[in-house]
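Q: Need a 3D model of the following:
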Amino acid sequence: MDHSQHHEHGHEHGQGHDKHAGHDPEMFRRKFWLSLALTVPVVLTSEMVMDWFGYTLDFPGVDLVGPVLGSVIFFYGGWPFLVGGVREVRDRAPGMMLLISMAITVAYAASILTALGAFDLDFWWELAALVTIMLLGHWQEMKAIGQAQGALSALAALLPDEAELVTGERVPTTSLKQGDVVLVRSGGRVPADGRIVEGAAELDESMITGESRPVPRQPGDRVVAGTVATDSAIRVRVDAVGDDTALAGIQRLVAQAQASAGRAQVLADRFAAMLFYIATATGVVTFAAWWVTGDLGEAVVRTVTVLVIACPHALGLAIPLVIALSTAVSARAGILVKDRLALERMRTVDAVLFDKTGTLTKGAHKVTGVAGGPDVLRLAAGVEADSEHPWPRPSSRRRKTPLPRPTSAR
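A: Residues are numbered from 1 along each chain as shown. Okay, the predicted model is just below:
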């Protein structure tokens, strides 16, 4: 698989991850900041907010701030949720996107009719705040998914674009077949899994084993695609290409980690589906109950209120933020999580077992003990003063007398 194929694979996978209208974090970022900028004047000019805080804003066109800016927020910022809601209806799988789209659509319709004088409902600031909050949450979620897809791109970059056959011909890595013999020069990457047929070299297999120390490989030994011949050229007979390579298997693990959902996310999705039916049924009952009493206007007001407040703002924001945070923290720590459910269960872990000492290597030299008297330590430190050796130099704050600088060392 070449780099473009890996990219397309990751993109297709991302499209299947959920039913969002888009999977570009930059798109959600732009929509969030613009919607936030438009939400501020909508909130400040809302009669309800002015009553709460006891201030008044009165200027020409103040009544148009909500309808004009609110319409822009609804169609520009709310469009991904509207498209996602339509998809969930088409797939007969109601969830968070349908809840959000239902809430903002009802709020927008009621507010527009109020602006035209049909009702006494003003949900402009609620509509704007809801869209802005949900854009923030989904921006973070898309960013987390993008970071995970970046891991796939990094793995794809380990493969060379071209391979050199022993005949001297250079061919694309994707065109290699089982049985081909390729030449891997010193410092080059192995293009496909196979066995060495000629030559010996030390291979950097850290991308597979995590160990930075090169491993000696000789004729007959198996080598893995993406590893590096550090010191000598070798000839490798290819026995696995494409999806059959070990690197492709690692990519599949990363893809599974992206697609896996934690228990909290699964519960949130189930709750959103149930909440849609509950909110819809409650809205119908509310409308019927108030209509029976003979107050059609109040029936509409109460129904709209029920449908708008049924959208779980906190649920739609908290779950994506938690996913983004856990993914980012794990990535910075160099942890590949195969299943998010396992990540959630880590809070119950009391002991951790490591399968190799290399995992515990800190990468920082440290003196743990000194054999000899104080004079030996002083002489060694004096010799080390101008050396590049990673001997930890004594702090100047601890020196009471200058260290001797011997003219020679034996």
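Q: mind checking the SS state of the residue nearest to F32 when sequence neighbours are not counted?
A: Nearest non-adjacent residue to F32, counting by C-beta to C-beta, 6 or more residues apart in numbering: L135, 4.0 Å away. Where you see a C-beta, it was placed from the backbone N, CA and C, and this is true even at glycine. Assigned by DSSP: H, G, I helix; E, B strand; the rest coil, the conformation of L135 is helix.
Q: L135: what's it in contact with?
A: Applying C-beta atoms under 8 Å, 6 or more residues apart in numbering, one finds that L135 lies in contact with 28, 31-32, 35, 77, 80.
Q: Which of those residues sits closest to G199?
A: Within the contacts of L135, proximity to G199 (C-beta to C-beta) peaks at F28, which comes in at 51.1 Å.
Q: hang on, that closest one packs against M142?
A: Yes: applying C-beta atoms under 8 Å as the test, F28 and M142 come out as touching, 5.3 Å apart.
Q: May I ask which helix or strand encompasses F276?
A: Per DSSP states H and E: F276 is located in helix 263-292.
Q: What residues of that helix count as buried?
A: Taking 16 or more other C-beta atoms under 10 Å as the neighbour-count basis, helix 263-292 is seen to contain the buried residues 265, 268-269, 271-273, 275-276, 279-280, 283, 286-287, 290.
Q: Are we agreed that L183 is in a strand?
A: Yes: if the criterion is three-state DSSP, then L183 is within a strand.
Q: Identify the nearest residue to it in space, disregarding sequence-adjacent positions?
A: What sits nearest to L183 in space, not counting adjacent residues and going by C-beta to C-beta, 6+ apart, is E164, at 4.8 Å.
Q: who's that neighbour bridged to?
A: Under DSSP bridges, the beta-bridge partners of E164 are R170, L183.
Q: for it, what are its contacts?
A: Taking C-beta under 8 Å, 6+ apart as the definition, contacts of E164 comprise 170, 182-185.
Q: Name the next helix or strand downstream of the helix or strand of the chain with the lowest mean pLDDT, please.
A: Among the secondary structure pieces of the chain, namely its helices and strands, helix 3-17 has the lowest mean (mean pLDDT, DSSP states H and E), a mean of 38. Once helix 3-17 ends, the next helix or strand along the chain (criterion: DSSP H and E) is helix 25-44.
Q: L158 versus the nearest residue to W291 once chain neighbours are set aside, what's the distance?
A: By the measure of C-beta to C-beta, 6+ apart, the closest residue to W291 outside its immediate chain neighbours is A299, 4.5 Å from it. A299 is 63 Å from L158, where distance means C-beta to C-beta, to the nearest Å.
Q: Next one: the residue nearest to L183 relative to E202, how far apart?
A: Remark: distance between E164 and E202 (C-beta to C-beta) = 20 Å.
Q: so who does D244 touch?
A: For D244, the residues meeting the contact criterion (C-beta under 8 Å, 6+ apart) are D193.
Q: whoops, V304 was the one
A: Contacts here follow C-beta under 8 Å, 6+ apart; on that basis V304 touches 106-107, 110, 121, 123.
Q: Give me the subset of those lying in helices.
A: With DSSP state H as the criterion, helices contain 106-107, 110 from among those.
Q: can you list these in JSON lines and add distance to Q178, neighbour count and pLDDT?
A: Shown next, in JSON lines, are the ones in helices among the contacts of V304 (distance: C-beta to C-beta, whole Å; neighbours: other C-beta atoms under 10 Å; pLDDT from 0 to 100):
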{"residue": "V106", "distance to Q178": "60", "neighbour count": "22", "pLDDT": "86"}
{"residue": "A107", "distance to Q178": "61", "neighbour count": "29", "pLDDT": "86"}
{"residue": "A110", "distance to Q178": "65", "neighbour count": "25", "pLDDT": "85"}
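Q: Distance to L343 added to those, as TSV?
A: Rendered in TSV, the data for the ones in helices among the contacts of V304 read as follows (distance: C-beta to C-beta, whole Å):
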residue	distance to L343
V106	37
A107	36
A110	42
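Q: just checking, Q178 is part of a strand?
A: No: counting by three-state DSSP, Q178 is not found in a strand; it is coil.
Q: thought it was touching A240?
A: Yes: judged on C-beta under 8 Å, Q178 makes contact with A240 at a distance of 7.3 Å.
Q: how's this structure carved up into domains?
A: 3-155+261-343, 162-250, 364-410 (automatic domain parsing).
Q: In contact with the residue lying closest to R217 once chain neighbours are set aside, which residues are there?
A: Spatial nearest neighbour of R217, chain neighbours left out: L203 (5.1 Å); criterion: C-beta to C-beta, 6+ apart. Listed by C-beta under 8 Å, 6+ apart, the contact partners of L203 are 190, 214-217, 223, 227-230.
Q: Among those, name the buried ones.
A: Looking at the contacts of L203 with 16+ other C-beta under 10 Å, the buried ones turn out to be 190, 214-215, 217, 223, 227-229.
Q: Distance of M48 relative to R252?
A: When distances are taken as C-beta to C-beta, M48 and R252 turn out to be 53 Å apart.
Q: residues near the closest residue to I100 other than its chain neighbours, how many?
A: Closest residue in space to I100, ignoring its immediate chain neighbours: F81 at 4.5 Å, by C-beta to C-beta, 6+ apart. Counted with other C-beta atoms under 10 Å, residues neighbouring F81 total 29.
Q: Relative to V106, how far out is F81?
A: When C-beta to C-beta is the yardstick, F81 and V106 sit 13 Å from each other.
Q: ditto for D58
A: Separation of D58 from V106 (C-beta to C-beta) stands at 29 Å.
Q: And the contacts of stretch 282-297?
A: Under the criterion C-beta under 8 Å, 6+ apart, residues 119-120, 298-300, 302-303, 306-307, 310 lie in contact with stretch 282-297.
Q: Can you tell me which of those residues is nearest F354?
A: Nearest member of the contacts of stretch 282-297 to F354, counting by C-beta to C-beta, is A310, at 48.7 Å.
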